[in-house]
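Enquirer: Have a look; sequence and predicted model below, questions after that.
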Amino acid sequence: MTHIRLSQVQDIVGFAVENAKKGEQVKVPSKASLISDQAEFYNYIEQISNIFLGRAKVLINNVYQFLVIIHKDLSADLYVNDFPVAIEIRAKRDIKKGEAISQNDIADIRRLNFPNIRIEKTDKVIYCFKVGWKFALFFDLDRRYDLEIDKMQLELGALYRYLQFQYVYKVLESATQFDEMVSDGWFPFVEIIGGDYQKICKFYQNKFDFDNNMKNLIDSFNQNRIERITKKWWKNKIFKDKQPLIEAGIKAYLQNDEGGFINCIKNLSSEIEGIIRIHYLGETGRGRARFSELIDYLINKGKAKSGSDYSLFLPVPFLEYLKNVFFANFDLKKGDVKLSRHSSSHGVAKPEDYQKMKALQTILTLDQVYFYLS
């Protein structure tokens, strides 16, 4: 681990974001989380590099991460490149100690910390790191208030998560593409975040051979893949109690024919609602609730589980998905009858809408509910 001790560094409180003449007021951010897509990143990182890396005679071109801890006596510890960093994740599956983890195994990234590096609440912190071909920068320099170390770790985790899964957030930020994907029933479900969702995004960005590409991806959810998704469900008591009903829907899907897809959707869409209702009853004691109350309850569980509105659980966008797609209302008079839980249960959905893609999306929605409630 490259560790350099610096004495009597500058007492930095922040960085000016605008020009000002002597005597004029100027805005000075003392805390920020930035990525290298943002122009401000380069203004800040150049000054930080000159002050700390330059003084320590570190070759900037060789740096892929560095951490500066400024103490209250204005001494500082500079760590470069090979110091340990730990990422706290939520896994999609059971993982054994020592097992290699891939991006496809990550359901969420919660926090980032530095094992064996002591940080005090009186310290100022600057951390820059690289993910893929991009950098992130975090600094917290206002010690009029104690450094909230737990909050800092969560913010660093969010910054790392954004860069690691930027393709997910970029689609969310691109309303046109996201709306088109959601309209077709696709959402960045926990199970497909990783390679599958990247592929789907590319299908919508480049429509060449769209149908065949989509069919091949959907067909990759074979019996083995579906069993890997569902086997964790039975750890949840409510899912376990409903196992015969849920498995009937899964077996219908694996028939891989029109009748199977119809039965899968009709079966599992009802069970999704039932699972939410039973969980709601267990926590609130209320046996009756409107759909809006059930959905809000589920989303609040997702927020509490992930600790963030925009974790990879994406509870806020999922709320809109449930309202506008899965639990969407219908209007027979206007001919607005898309396949949804309501149109299916009321018997007005069109037979041709019960497709394999919609059946798979129903399974993935149930899996999302599992992550929120387990």
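Expert: Looks like it came in fine.
Enquirer: and I12, backbone torsions?
Expert: phi -70, psi 130 (degrees, to the nearest 10).
Enquirer: now it: how far from Y64?
Expert: Applying Cβ to Cβ, to the nearest Å, the value for I12 to Y64 is 23 Å. C-beta coordinates here come from the backbone N, C-alpha and C atoms, glycine included.
Enquirer: and what of Y162?
Expert: Distance from Y162 to Y64, by Cβ to Cβ: 18 Å.
Enquirer: domains of this protein?
Expert: 2-164, 167-373 (automatic domain parsing).
Enquirer: what's the first-to-last distance across the first one?
Expert: With Cα to Cα, to the nearest Å as the measure, the ends of domain 2-164 fall 25 Å from one another.
Enquirer: residue contacts, P115?
Expert: P115 makes contact with P84, V85, A86 under the criterion Cβ atoms under 8 Å, 6 or more residues apart in numbering.
Enquirer: and if you look at K92?
Expert: By Cβ under 8 Å, 6+ apart, K92 lies in contact with N104, D105, I106, A107, V190, E191.
Enquirer: which stretch of helix or strand covers Q368?
Expert: Using DSSP states H and E, Q368 falls within helix 356-373.
Enquirer: quick revisit: looking at the domains of the chain, which is buried most?
Expert: Among the domains of the chain, the stretch with the highest mean neighbour count (mean count of other Cβ atoms under 10 Å) is domain 167-373, at a mean of 17.
Enquirer: quick one: I69 is in a helix?
Expert: No: I69 is assigned strand when assessed by DSSP: H, G, I helix; E, B strand; the rest coil, not a helix.
Enquirer: Pull up the gap between it and K130, please.
Expert: When Cβ to Cβ is the yardstick, I69 and K130 sit 19 Å from each other.
Enquirer: Please apply the same query to G194.
Expert: According to Cβ to Cβ, G194 stands 20 Å off from K130.
Enquirer: How far off centre is stretch 218-235?
Expert: 21 Å (Cα atoms, centre = their mean, to the nearest Å).
Enquirer: distance between the longest helix that the chain contains and the chain's centre?
Expert: Identified as the longest helix of the chain according to DSSP state H is helix 258-284. In terms of Cα atoms, centre = their mean, the centre of helix 258-284 is set 24 Å apart from its chain centre.
Enquirer: what packs against that helix?
Expert: Helices and strands touching helix 258-284, as assessed by 3 or more Cβ pairs under 8 Å, 6 or more residues apart in numbering; DSSP states H and E, comprise helix 237-241, helix 243-254, helix 291-306, helix 341-345, helix 356-373.
Enquirer: Could you point out which of the ones you listed sits nearest I149?
Expert: Nearest to I149 among the helices and strands packed on helix 258-284 is helix 291-306; the distance by Cβ to Cβ comes to 20.1 Å.
Enquirer: what's next to that closest one, contact-wise?
Expert: 90, 108, 110, 273, 276-277, 279-280, 283-284, 289, 309, 312-313, 315-316, 318-319, 322-323, 327, 369, 371-373.
Enquirer: how close does S75 sit to Q255?
Expert: Noted for S75: a distance of 69 Å to Q255, by Cβ to Cβ.
Enquirer: And N329, by the same measure?
Expert: 30 Å.
Enquirer: hang on, isn't R110 packed against E155?
Expert: No: using Cβ atoms under 8 Å, R110 is not in contact with E155, being 11.2 Å away.
Enquirer: pLDDT value on T2, please?
Expert: Confidence per residue is given as pLDDT, and for T2 that number is 90.
Enquirer: For K151, report the pLDDT, please.
Expert: You'll see K151 listed with a pLDDT of 96.
Enquirer: Wasn't it part of a helix?
Expert: Yes: when the secondary structure is assigned by three-state DSSP, K151 falls within a helix.
Enquirer: Go ahead and flag the most central residue of this protein.
Expert: If you average the C-alpha coordinates of the chain and look for the closest C-alpha using Cα atoms, centre = their mean, you land on L312, 1.2 Å from that point.
Enquirer: quick one: contacts for the nearest residue to that residue once chain neighbours are set aside?
Expert: Counting by Cβ to Cβ, 6 or more residues apart in numbering, the nearest residue to L312 once its immediate chain neighbours are dropped is D108, at 4.3 Å. If you count contacts by Cβ under 8 Å, 6+ apart, D108 has them with I89, R90, R161, V190, S306, S311, L312, F313.
Enquirer: Could you check how far the fifth one is from P84?
Expert: In this structure, S306 and P84 are 25 Å apart, going by Cβ to Cβ.
Enquirer: Next: the second one.
Expert: Shown here: R90 relative to P84, a distance of 21 Å by Cβ to Cβ.
Enquirer: What residues does P244 make contact with?
Expert: Counted by Cβ under 8 Å, 6+ apart, P244 has zero contacts.
Enquirer: what's the answer for I276, then?
Expert: So, once contact is read as Cβ under 8 Å, 6+ apart, I276 ends up touching L294, I295, Y297, L298, V369, L373.
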